[in-house]
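Engineer: What follows is a predicted structure for the sequence shown.
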Number of protein chains: 2
Amino acid sequence: MGLDTPNKKPHDRLAELLSEDMGGVNALIRERMASKHAPRIPEVTAHLVEAGGKRLRPLLTLASARLCGYQGPFHVHLAATVEFIHTATLLHDDVVDESSQRRGRPTANLLWDNKSSVLVGDYLFARSFQLMVEPGNLRVLNILSNAAATIAEGEVLQLTAAQDLKTTEEIYLQVVRGKTAALFSAATEVGGVIAGVPEEQVQALFTYGDALGIAFQIADDLLDYQGDSSATGKNVGDDFRERKLTLPLIKAVARASDEERAFWVRTIEKGDQRDGDLEHALELLNAHAALEDTRTDALAWAEKAKDAMTELPQSELRDLLIDLADFVVARLY
Amino acid sequence: MGLDTPNKKPHDRLAELLSEDMGGVNALIRERMASKHAPRIPEVTAHLVEAGGKRLRPLLTLASARLCGYQGPFHVHLAATVEFIHTATLLHDDVVDESSQRRGRPTANLLWDNKSSVLVGDYLFARSFQLMVEPGNLRVLNILSNAAATIAEGEVLQLTAAQDLKTTEEIYLQVVRGKTAALFSAATEVGGVIAGVPEEQVQALFTYGDALGIAFQIADDLLDYQGDSSATGKNVGDDFRERKLTLPLIKAVARASDEERAFWVRTIEKGDQRDGDLEHALELLNAHAALEDTRTDALAWAEKAKDAMTELPQSELRDLLIDLADFVVARLY
């Protein structure tokens, strides 16, 4: 795809439009991930930060602040803050999940050790709090510290809710807010807050980030059952094999006959999986329209995100955020 | 020892004098360690918070605020903040050190798992940031977020500096600030800041906490080589066996002959320890006056803490803080 084709992905177009601001964010990240005393910190951080992530969260903060007309310097600090929080959670997630690969490269816990991942993650959390204090805005601090608590609570909830067939769609949503949506919504909301726009617009930015994050995570969980592994980098059914109760499964379990329920108890709760179980799970997911209904939910959240944007003044950045909501669910069929 | 004897320990007398405030701190801790969605969080937290720690850090904040004449409600929030930060670091430390016991009870990582300890620790960090935002004081936020970064940096430094014979007294001090003194000094400094006392007094409270924390940690490291295990709950030489380069060893290594150096390389760097090695290590520590000089350092830091207190108006609380500095090093001989 050429650099100027209209088919370019929305986040790539956002990155181009915000490239100067993003340069500032990258410079600040490099500056703040340094440690005078402990060289292990920048080593571990660089491995993750420079692994070529999409930088979606800082782009959301920069875009929100700019589309609200913000002219000050602090959107850069807040964008770096959300990237540091995200990086810290990735380091801890990989320890908790005992992961060995992320973005096609070995994880930090594998290259160094779990200790380094835990402690460098703590350092990045602390650094993110230092950064978020700098704009001197108490409302921003409230939003970001609340997001941090929601993230951590969601992670613990996921730990205890996974493999539990009693998990409801409500609990799933809470986990998804912790995993993804809380940081997305904080990223967009703080952009509006530092710009000082009216309350309805701040609220609209929150709603956009929240709904975008939920759509994004539901899409991810759906693609696990129908994705093309060359595009997603995951194999179909990874979540089933790892006994993760994501939305498609929750819907299928809720609609299960007694016999089907016994199948889910054996494969998910007890983890006794045999040849042909994934195929049978996919049959049940299709028979109960669980994949179809999950896609409908994802589309509805994307629609909610787009609707929220109508509160904000028309601009190229606003339209790109609307395109981003479409893009997140465009891979679903 | 009777309840009213003048020989009662200074932190017990502080706890009595501040018992009403401390009741508020304990109530706030219980309230904020709750989680609507994830019951695992209060379970793990309660295991640690209710294990009967000395609550020294919150007492330091309450005492500092009160001796500065603070009458508002927020010293309670800040005291709960420092206790949450402390609890979060204990949870992560036990994962990093693979500990199975703390305060005579099994650790959370043993009772639950490493995952729960990592994620509940993250939750408590996030909760501590929510709490510290509530007083609405940006200087307090600066102090506490800087302390959090120093703590995490010190932990990573300890990870890489341990077992490295090149570790200097300067690096040791940096590790000690991270392990202990940064939270002590933040705890005392924020008490003065919310009370709004003059800058010299705020600085004196910082110096007191910093020096007290350093004296406390040096004393701990010295007692590892000369303590009575019934009093310290540790066996003599635990740090040697775990190849930790604390101040006594750093001094002995700096003064070592070539032959002695080879002994330290073998036992600490390479971890090849044999029968009689601890005894030989103790001989070298004594031959080079390493224990004696470590004690002198601890006494000097305690003296520095006491000197700082002369900046503050005379009061029972101030005198108890002075007694506390004496007490921390009184167990050394």
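Structural biologist: Structure's in. What do you need?
Engineer: distance of A:Glu316 from B:Glu259?
Structural biologist: 74 Å (CB to CB, to the nearest Å). Quick note: C-beta positions are derived from backbone N, CA and C, even for glycine.
Engineer: same check, this time on A:Gln101
Structural biologist: 48 Å.
Engineer: just checking, what packs against the helix or strand containing A:Ala88?
Structural biologist: Counting by DSSP states H and E, the element that carries A:Ala88 is helix A:74-96. Packed against helix A:74-96 by the contact rule (3 or more CB pairs under 8 Å, 6 or more residues apart in numbering or on different chains; DSSP states H and E) you find helix A:19-32, helix A:40-49, helix A:56-67, helix A:108-111, helix A:114-133, helix A:138-161, helix A:182-195, helix B:114-133.
Engineer: Can I get these in CSV including distance to A:Pro10?
Structural biologist: Converted to CSV, the helices and strands packed on helix A:74-96 look like this (distance: least, CB to CB, whole Å):
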stretch, distance to A:Pro10
helix A:19-32, 15
helix A:40-49, 22
helix A:56-67, 10
helix A:108-111, 30
helix A:114-133, 26
helix A:138-161, 23
helix A:182-195, 14
helix B:114-133, 30
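Engineer: Of these, which shows the lowest average pLDDT?
Structural biologist: Of all the helices and strands packed on helix A:74-96, helix A:108-111 carries the lowest average pLDDT, namely a mean of 76.
Engineer: by contact count, what packs against it?
Structural biologist: helix A:40-49, helix A:74-96, helix A:114-133.
Engineer: gap between it and the chain center?
Structural biologist: Remark: helix A:108-111 is offset 22 Å from the chain centroid, using CA atoms, centre = their mean, to the nearest Å.
Engineer: now do stretch A:156-163
Structural biologist: Worked out by CA atoms, centre = their mean, stretch A:156-163 lies 17 Å from the chain centre.
Engineer: low pLDDT regions in chain A?
Structural biologist: For chain A, the stretches flagged by pLDDT under 70 are A:1-6, A:51-52, A:103, A:227-234.
Engineer: residues from the stretch 1-150 of chain A in reach of chain B?
Structural biologist: A:35, A:37-41, A:89, A:92, A:95-96, A:114-116, A:118-123, A:125-127, A:129-130, A:133, A:136, A:138, A:141-142, A:145-146, A:148-149 (CB under 8 Å from any CB of the partner chain).
Engineer: Looking at A:Glu316 and B:Glu259, which one has more neighbours?
Structural biologist: A:Glu316 (12 against 7; other CB atoms under 10 Å in any protein chain shown).
Engineer: What separation is there between the more buried one and chain B?
Structural biologist: 35 Å (CB to the nearest CB, to the nearest Å).
Engineer: contacting residues for that residue?
Structural biologist: Under the criterion of CB atoms under 8 Å, 6 or more residues apart in numbering or on different chains, the contact partners of A:Glu316 comprise A:Leu17.
Engineer: what do you get for A:Gly154?
Structural biologist: A:Gly154 touches A:174-179, A:182, B:37, counting by CB under 8 Å, 6+ apart.
Engineer: Closest one to A:Val265 out of those, please.
Structural biologist: Closest approach between the contacts of A:Gly154 and A:Val265, by CB to CB: A:Val175, at 20.8 Å.
Engineer: picking up where we left off before, of the residues of the stretch 1-150 of chain A next to chain B, which count as buried by neighbour count?
Structural biologist: A:35, A:37-38, A:40-41, A:89, A:92, A:95-96, A:114-116, A:118-123, A:125-127, A:129-130, A:133, A:138, A:141-142, A:145-146, A:148-149 (16 or more other CB atoms under 10 Å in any protein chain shown).
Engineer: Would you mind confirming that A:Leu67 makes contact with A:Asp319?
Structural biologist: No - the criterion here is CB atoms under 8 Å, and A:Leu67 misses it with A:Asp319 at 9.6 Å.
Engineer: Compare neighbour counts for the two and give me the winner.
Structural biologist: A count of neighbours by other CB under 10 Å puts A:Leu67 above the other of A:Leu67 and A:Asp319, at 26 against 14.
Engineer: gap between the more buried one and chain B?
Structural biologist: Using CB to the nearest CB, A:Leu67 is found at 27 Å from chain B.
Engineer: Grab the nearest non-local neighbour of that residue.
Structural biologist: A:Leu317 (4.0 Å; CB to CB, 6 or more residues apart in numbering or on different chains).
Engineer: who are the neighbours in contact with that neighbour?
Structural biologist: A:14, A:17, A:63, A:66-67.
Engineer: so which of the residues you listed is the most crowded?
Structural biologist: Counting by other CB under 10 Å, top hit in these: A:Ala63 with 29 neighbours.
Engineer: Now do the helices in the stretch 151-300 of chain A.
Structural biologist: Taking DSSP state H, counting those that start in this stretch to define them, one finds helices in the stretch 151-300 of chain A at A:169-176, A:182-195, A:199-226, A:229-232, A:238-241, A:247-254, A:258-264, A:277-287, A:290-309.
Engineer: deepest of the ones you listed, which one?
Structural biologist: helix A:182-195 (a mean of 28; mean count of other CB atoms under 10 Å in any protein chain shown).
Engineer: helices and strands around it, which ones?
Structural biologist: Secondary elements touching helix A:182-195 (3+ CB pairs under 8 Å, 6+ apart): helix A:56-67, helix A:74-96, helix A:138-161, helix A:199-226.
Engineer: and the stretch 151-300 of chain A, which residues reach chain B?
Structural biologist: Along the stretch 151-300 of chain A, the residues adjacent to chain B under the rule CB under 8 Å from any CB are A:151-157, A:159-160, A:171, A:174.
Engineer: The closest residue in space to A:Val133 that isn't next to it in sequence: what's it in contact with?
Structural biologist: Using CB to CB, 6+ apart and skipping residues adjacent in sequence, the residue nearest A:Val133 is B:Leu141, 4.6 Å away. The contact partners of B:Leu141, taken as CB under 8 Å, 6+ apart, are A:129, A:133, A:141, B:132-133.
Engineer: hmm, back to that, narrow the residues of the stretch 151-300 of chain A next to chain B to those that are buried.
Structural biologist: A:151-157, A:159-160, A:171, A:174.
Engineer: Burial check on A:His47, number of neighbours?
Structural biologist: A:His47, neighbours per other CB under 10 Å, totals 18.
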